[in-house]
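Peer 1: Build me a structure from this.
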Amino acid sequence: MSKLVRFGVSLDEELLKKFDRLVAAKNYTCRSEAFRDLMRQELVQRQWQEGKEIAGAITLIYDHHKRELVNTLMDIQHDFGDMIVSSQHIHLDHDNCLEIIAVKGSPKKARQLADSLKAVKGVKHGTLSMSTTGKDI
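Peer 2: Take a look at the predicted model:
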């Protein structure tokens, strides 16, 4: 475990009050935990911008009755097979499905995959959620 370091921060009083409300709303036990999370988030975003390896998830909602939709989605996923770790298909109701695709690789390639999947006719909604592999945080 790394060594704990304490340091002081000067803040505008109103900003600190807003931060304390955020800390309470998110159920942090202390300001330090909230501050650490904010720092990590900035560091993770920097990793994305620098093109470092990410881990993430692509979620899709689609109507599986659309002709050739599932085959098209599978073809695209096979084109990006080197970065897909896993996928899960969930039946939401008679018409709608949720697909969750776990990815690991470059941020640029993850965005390309997500954009390609979201653009398929019949996909109702799609998101890409990127995180870190945890190696550099």
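Peer 1: Please make it C-alpha for all contacts and neighbour counts, starting now.
Peer 2: Will do.
Peer 1: what helix or strand is Glu99 on?
Peer 2: In the assignment (DSSP states H and E), Glu99 maps to strand 96-105.
Peer 1: Run through who's touching that strand.
Peer 2: 52-64, 83-92, 110, 133 (Cα atoms under 8 Å, 6 or more residues apart in numbering).
Peer 1: who does that strand pair up with?
Peer 2: Sheet partners assigned to strand 96-105 using DSSP bridges are listed as strand 54-63 (antiparallel), strand 84-91 (antiparallel).
Peer 1: Alpha carbons only: can I get it in PDB?
Peer 2: What follows is strand 96-105, C-alpha atoms only, in PDB (Å, rounded to 0.1, in the frame of the first residue of the first chain):
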ATOM      1  CA  ASN A  96     -36.700  -5.300 -27.100                       C
ATOM      2  CA  CYS A  97     -33.300  -6.600 -26.200                       C
ATOM      3  CA  LEU A  98     -30.400  -5.300 -24.200                       C
ATOM      4  CA  GLU A  99     -26.900  -6.200 -25.300                       C
ATOM      5  CA  ILE A 100     -23.900  -5.500 -23.100                       C
ATOM      6  CA  ILE A 101     -20.500  -5.800 -24.700                       C
ATOM      7  CA  ALA A 102     -17.400  -5.600 -22.500                       C
ATOM      8  CA  VAL A 103     -14.400  -4.200 -24.300                       C
ATOM      9  CA  LYS A 104     -10.700  -3.700 -23.600                       C
ATOM     10  CA  GLY A 105      -8.300  -1.800 -25.900                       C
END
